[in-house]
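Trainee: Test case, fold it:
(chains A, B, C and D)
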Protein chains: 2
Amino acid sequence: MVTAPTTNADSLRADSARVRARMLTAARARMIDGDLELPMNAIAKAAGVGVGTVYRHFPSRQALLESLAAQSLQSLVGAAVSAAANPDVAAGLASLLGAALQRQLTDPALAEVLAATDAACLETLDLSRELGRAIGTLLDRARAAAVIRPDLTADDIRRLMSGVQHAVRIGSPTDADRYLEILLSGLRP
Amino acid sequence: MVTAPTTNADSLRADSARVRARMLTAARARMIDGDLELPMNAIAKAAGVGVGTVYRHFPSRQALLESLAAQSLQSLVGAAVSAAANPDVAAGLASLLGAALQRQLTDPALAEVLAATDAACLETLDLSRELGRAIGTLLDRARAAAVIRPDLTADDIRRLMSGVQHAVRIGSPTDADRYLEILLSGLRP
DNA sequence: ACCTGAACACCGTTCAAGT
DNA sequence: ACCTGAACACCGTTCAAGT
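Mentor: Model prediction:
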């Protein structure tokens, strides 16, 4: 039995996890305050750690962003899987787009991650692919039912949703539903 | 006759205009190189002037951005006025949206100015209003001809075009026409 | 192993000193 | 009048030194 090293590693891991959580909390607080820049030095100070520690956990701004968005992304994947399983294909599509828009508006980190071309963390890459698959399934069914243009890909949907999010962001949240209707109507064949 | 002071002021103005042009050229060069940050210090160095001079001419990043976008914006206003005068309303709308998208993709400064809520320079405000009026006229005619949803405003169009631009930017320019079709189709009643 | 924080490069912005 | 550029504050990023 090797309990001592394990305990040691566990306590290290526990401490590391606590520090990590403090940094993420600090970063989130800044984002909520409207600062989307995520300055590493400022986050380190707010979390009470050295800058190097922030860099150890998050090698880049993108990595930090993805960690911030992980929960939202996970939740969006769930919504997409549900939507793809909806017997009413049109309703599934509408609910997916609604979920994607709402979550992006609530979590700016998610909006940035969905707009990014590629991922910094493997976890994000996995979730991203899972999202792509769910959307793909939904699109296949929608195409077969002739409720969408035949040329749409999962990437098109991701980008167009990012576009609608952008349009709502520079306008007012009250426009969200109308802009979503416009997109949904435009997707029909 | 007071020729001397006039001459003096003229030469000052001429010099000032030359310096201003050098700064705009330097800023544009950076933008073309893919740097959308417009760092004031770097622009000053590239233009061979002191930082203070950049600030004298452009009190803020936004002001510099608007000066960079002025020509594109002017040209877009022209396209909008033409489009509003097109006897074929649907064709006018399509040509306006096409012009707006193309110019935004060509000139990132224009894209940012159109996405901004308000203007830093009076000239931009004027052009912006003129653009709004032209779009408004076009929308009125389109509504009367029942070729668009009745609830669309000029601001909606500006934001949705900004959204499509965003979607194309995070994707590929080859998607521009398809995304434009989707928007146009979504705008119909 | 993990963390700290000084150090360097760079950018935003101001303003006293020059012409 | 207009311009210069030093100066200060701040942020990104690295890495030698600590525990």
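Trainee: separation between the residue in chain A that DNA strand C sits nearest to and residue B:123?
Mentor: Of all residues in chain A, residue A:52 sits closest to DNA strand C, with a separation of 2.2 Å (Cβ to the nearest atom of the strand). The way it works is simple: take the backbone N, C-alpha and C, and place the C-beta from them, glycine included. The spacing between residue A:52 and residue B:123, counted by Cβ to Cβ, to the nearest Å, is 48 Å.
Trainee: Name the residue in those two with the higher neighbour count.
Mentor: residue B:123 (14 against 10; other Cβ atoms under 10 Å in any protein chain shown).
Trainee: Check which element follows the helix or strand containing the more buried one along the chain.
Mentor: For residue B:123, the enclosing helix or strand under DSSP states H and E is helix B:122-144. Moving toward the C-terminus from helix B:122-144, the first helix or strand encountered (DSSP H and E) is helix B:154-170.
Trainee: Now that following helix: buried residues?
Mentor: Neighbour-count burial for helix B:154-170, counted by 16 or more other Cβ atoms under 10 Å in any protein chain shown, picks out B:154, B:156-170.
Trainee: The closest residue in space to residue A:86 that isn't next to it in sequence: neighbour count?
Mentor: Here the nearest residue to residue A:86 in space, its sequence neighbours aside, is residue A:92; by Cβ to Cβ, 6 or more residues apart in numbering or on different chains that works out to 3.3 Å. Residue A:92 is surrounded by 21 other residues when neighbours are defined as other Cβ under 10 Å.
Trainee: Please identify the nearest residue in space to residue A:25, excluding sequence neighbours.
Mentor: Beyond its immediate neighbours in the sequence, the residue positioned closest to residue A:25 (Cβ to Cβ, 6+ apart) is residue A:47, lying 7.4 Å away.
Trainee: who touches residue A:64 in this structure?
Mentor: Applying Cβ atoms under 8 Å, 6 or more residues apart in numbering or on different chains to residue A:64 gives the contacts A:27, A:38, A:40, A:43, A:54, A:58.
Trainee: Just those: which are in helices?
Mentor: Secondary structure of the contacts of residue A:64 is defined by DSSP state H; positions in helices are A:27, A:40, A:43, A:54.
Trainee: ok, the residues you listed vs residue B:150, which is closest?
Mentor: Here the nearest of the ones in helices among the contacts of residue A:64 to residue B:150, counting by Cβ to Cβ, is residue A:27; it sits at 43.9 Å.
Trainee: From residue A:76, how far off is that closest one?
Mentor: 20 Å.
Trainee: re the thing from before, for the helix holding residue B:123, which positions count as buried?
Mentor: Within helix B:122-144, the residues that qualify as buried are B:124, B:127-128, B:130-132, B:134-139, B:141-143, counting by 16+ other Cβ under 10 Å.
Trainee: what's the angle from it to helix B:154-170?
Mentor: Direction vectors for helix B:122-144 and helix B:154-170, defined by axes from the mean of the first three to the mean of the last three Cα atoms, to 10 degrees, enclose an angle of 100 degrees.
Trainee: tell me what helix B:122-144 is packed against?
Mentor: Secondary-structure packing of helix B:122-144 (3 or more Cβ pairs under 8 Å, 6 or more residues apart in numbering or on different chains; DSSP states H and E): helix B:61-85, helix B:89-106, helix B:154-170.
Trainee: now with 10 Å?
Mentor: For helix B:122-144, the elements it packs on are helix B:61-85, helix B:89-106, helix B:108-115, helix B:154-170, judged by 3 or more Cβ pairs under 10 Å, 6 or more residues apart in numbering or on different chains; DSSP states H and E.
Trainee: is any part of the third one close to chain A?
Mentor: Yes. Applying Cβ under 10 Å from any Cβ of the partner chain, one finds helix B:108-115 touching chain A at B:114, B:115.
Trainee: Could I have the CA atoms of that helix written out in CSV?
Mentor: This file holds the C-alpha atoms of helix B:108-115, laid out as CSV (Å, rounded to 0.1, in the frame of the first residue of the first chain):
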residue,chain,number,x,y,z
PRO,B,108,-12.6,46.2,-40.7
ALA,B,109,-12.8,49.8,-39.5
LEU,B,110,-16.1,50.2,-41.2
ALA,B,111,-17.4,47.1,-39.5
GLU,B,112,-16.4,48.4,-36.1
VAL,B,113,-18.0,51.8,-36.8
LEU,B,114,-21.3,50.2,-37.9
ALA,B,115,-21.3,48.0,-34.8
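Trainee: Up against DNA strand D, what does chain A have?
Mentor: By the criterion of Cβ under 7 Å from any atom of the strand, the positions of chain A lying close to DNA strand D are A:37, A:38, A:39, A:40, A:41, A:42, A:51, A:52, A:55, A:60, A:61.
Trainee: just checking, the fifth one touches residue A:51?
Mentor: Yes. Using Cβ atoms under 10 Å, residue A:41 is in contact with residue A:51, at 5.7 Å.
Trainee: more crowded one of those two?
Mentor: residue A:51 (13 against 9).
Trainee: Which single one of the contacts of residue A:64 is nearest to chain B?
Mentor: Each of these was checked against chain B using Cβ to the nearest Cβ; the closest is residue A:38, at 15.8 Å.
Trainee: pLDDT score for the closest one?
Mentor: Residue A:38 is assigned a pLDDT of 94 by the prediction.
Trainee: Any regions of chain A where pLDDT drops low?
Mentor: In the predicted model, chain A carries pLDDT under 70 at residues A:1-12.
Trainee: switch to 90 and redo it
Mentor: Across chain A, the stretches falling below the confidence threshold (pLDDT under 90) are A:1-19, A:33-35.
Trainee: Name the residues of it found near DNA strand C, please.
Mentor: Taking Cβ under 7 Å from any atom of the strand as the test, the list of chain A residues beside DNA strand C reads A:12-13, A:15-16, A:19, A:48-53, A:55-57.
Trainee: from those residues, which ones fall inside helices?
Mentor: Among the residues of chain A next to DNA strand C, the subset assigned to helices under DSSP H consists of A:12, A:13, A:15, A:16, A:19, A:51, A:52, A:53, A:55, A:56, A:57.
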